[in-house]
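In: turn this into a model:
(chains A and B)
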Amino acid sequence: MSGAGTATYALLALPFFAAVAVVAVLAGVVAARRARAAGRRSSAGPRVAVVTSVVVGVVLVAMTMVFDNVIVALRVVAYDWSLVWGAKIGVIPVEDLAYSVAAVVLLPSLWVLFDRTGAHDRTAARDRTGAHDRNAPRDRTGAHDRTDRRPAPDPTTPRAEDPE
Amino acid sequence: MPGVYLAGLLVSIVGVAVLDARHRLFFWRAPWRAAAVMVVGLAFFLVWDAAGVALGIFFIGQQDLLTGVLLAPEVPLEELFFLVLLCWTTMDLVGAVRPVLERRAARKRAAVDAPAPVAPGASTRGRS
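Out: All right, here's what the predicted structure looks like:
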């Protein structure tokens, strides 16, 4: 490992990860409270949120490795290698991936926290009748309603299996 | 060639915007909510950038691909567009993946605790 340096760059991520963790916990609390207020079983909510971040994280980290290697190779960005721990993926320091990891947790959490349509839609009749169980247990935005009606926009999703 | 990196970023941003519009993933799902997420996300990552620059960890390399416009010392204009691309790509992916997982979870739940057909039409919509 050439030019192994200090952990400065790695340590820099810690306060930002801490801030992300706080926002994520807040979002989890708010989402659970909303689910309870709407009378929904809340068991699926956090699971879906976590799995979403993991799946998106894998894709985003892979994309970042490609993109970042290009811009570092083109010398758009340069590093003081004495401040970088030393592990590299191609020409990039692994610490660079911290941005992507933070993004997949922070941004969806903010998306939950900035949901201001919840109060309106939660009182909608369709939530009371259980009609929401059909497909989208948490569509609080009108836009989601519209997309929901389109027949299978996503080909990888098997449609309505028989309950039996 | 100065401006090449910015041009590449702009092309990429148009790409994620088209995907967003086509599939209603982020801005096309809830514009104001998306804008708020974007602004806070950009601020967060710019602070991170500023801290990294202040510590001397990273800086602009020797190239002729940037426009030369700086937001701050060692923070090129392009960094803002890069962060827009990062945040928008992330939320496009989230907007695409989450509904799939939600539908899957809802189906699983329906199969477990609702032996009767979940809703009229739901069971006939697929393979019939």
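In: okay, helices next: where are they in chain A?
Out: Counting by DSSP state H, the segments of chain A that form helices are A:8-37, A:44-73, A:98-113, A:118-122, A:125-129, A:142-149.
In: what helices and strands are in contact with the second one?
Out: Applying 3 or more CB pairs under 8 Å, 6 or more residues apart in numbering or on different chains; DSSP states H and E, one finds that helix A:44-73 makes contact with helix A:8-37, strand A:77-79, strand A:92-93, helix A:98-113, helix B:77-113. Yep, even glycine has a C-beta here, placed from its N, CA and C like the rest.
In: what mean pLDDT does the first one have?
Out: In other words, helix A:8-37. Averaging pLDDT along helix A:8-37 yields 96.
In: coming back round to it: now the helices of chain A in JSON lines, with mean neighbour count?
Out: Converted to JSON lines, the helices of chain A look like this (neighbours: other CB atoms under 10 Å in any protein chain shown):
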{"stretch": "helix A:8-37", "mean neighbour count": "16"}
{"stretch": "helix A:44-73", "mean neighbour count": "17"}
{"stretch": "helix A:98-113", "mean neighbour count": "23"}
{"stretch": "helix A:118-122", "mean neighbour count": "15"}
{"stretch": "helix A:125-129", "mean neighbour count": "12"}
{"stretch": "helix A:142-149", "mean neighbour count": "14"}
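In: nearest spatial neighbour of residue 102, skipping sequence neighbours?
Out: Reading this off chain A. Using CB to CB, 6 or more residues apart in numbering or on different chains and skipping residues adjacent in sequence, the residue nearest residue A:102 is residue A:20, 5.0 Å away.
In: switch to chain B, that's the one I care about
Out: Looking at residue B:102 with CB to CB, 6+ apart, the closest residue is residue A:48, at 5.5 Å.
In: please give me every residue in contact with the one you found.
Out: Going by CB atoms under 8 Å, 6 or more residues apart in numbering or on different chains, residue A:48 touches B:98, B:101, B:102, B:105.
In: number of residues surrounding the last one?
Out: Yep, that's residue B:105 we're talking about. 18 (other CB atoms under 10 Å in any protein chain shown).
In: with the one 4 residues further on instead?
Out: By the criterion of other CB under 10 Å, residue B:109 has 16 neighbours.
In: return the helix or strand in chain A with minimum mean pLDDT.
Out: Here the helix or strand of chain A ranked lowest by mean pLDDT, DSSP states H and E is helix A:125-129, holding a mean of 39.
In: any weak-confidence spans in the chain?
Out: I'll assume chain A. Chain A contains residues with pLDDT under 70 at A:1-3, A:41-44, A:117-164.
In: let's do chain B instead
Out: For chain B, residues meeting the criterion pLDDT under 70 lie at B:114-128.
In: which residue would you name as the spatial centre of it?
Out: residue B:88 (2.3 Å; CA atoms, centre = their mean).
In: show me the contacts for that one.
Out: Applying CB under 8 Å, 6+ apart to residue B:88 gives the contacts B:13, B:16, B:17, B:20, B:26, B:38.
In: just those: which are in helices?
Out: B:13, B:16, B:17, B:20, B:38.
In: quick one: which of those residues is nearest chain A?
Out: Closest approach to chain A among the ones in helices among the contacts of residue B:88 (CB to the nearest CB): residue B:38, at 8.5 Å.
In: the closest one and residue B:84 touch, don't they?
Out: Yes. Contact criterion CB atoms under 8 Å: residue B:38 and residue B:84 qualify, at 7.2 Å.
In: related to what we said a few turns ago, can you put the contacts of residue A:48 in a markdown table and add distance to residue A:25?
Out: Below are those laid out as a markdown table (distance: CB to CB, whole Å):
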| residue | distance to residue A:25 |
| --- | --- |
| B:98 | 19 |
| B:101 | 21 |
| B:102 | 21 |
| B:105 | 21 |
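In: for ChimeraX, what selects the buried ones among these?
Out: To isolate the buried members of those in ChimeraX, using 16 or more other CB atoms under 10 Å in any protein chain shown:
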select /B:98,101,102,105
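In: how about residue A:7: what's its closest non-neighbour residue?
Out: Distances taken as CB to CB, 6+ apart place residue A:85 nearest to residue A:7, at 5.3 Å, with adjacent residues excluded.
In: re the thing from before, top of the contacts of residue B:88 by neighbour count?
Out: Comparing those by number of neighbours (other CB under 10 Å), residue B:26 comes first, having 30 neighbours.
In: distance of that one relative to chain A?
Out: For residue B:26, the distance to chain A equals 8 Å [CB to the nearest CB, to the nearest Å].
In: with residue B:12 instead?
Out: Distance of residue B:12 to chain A, given as CB to the nearest CB: 9 Å.
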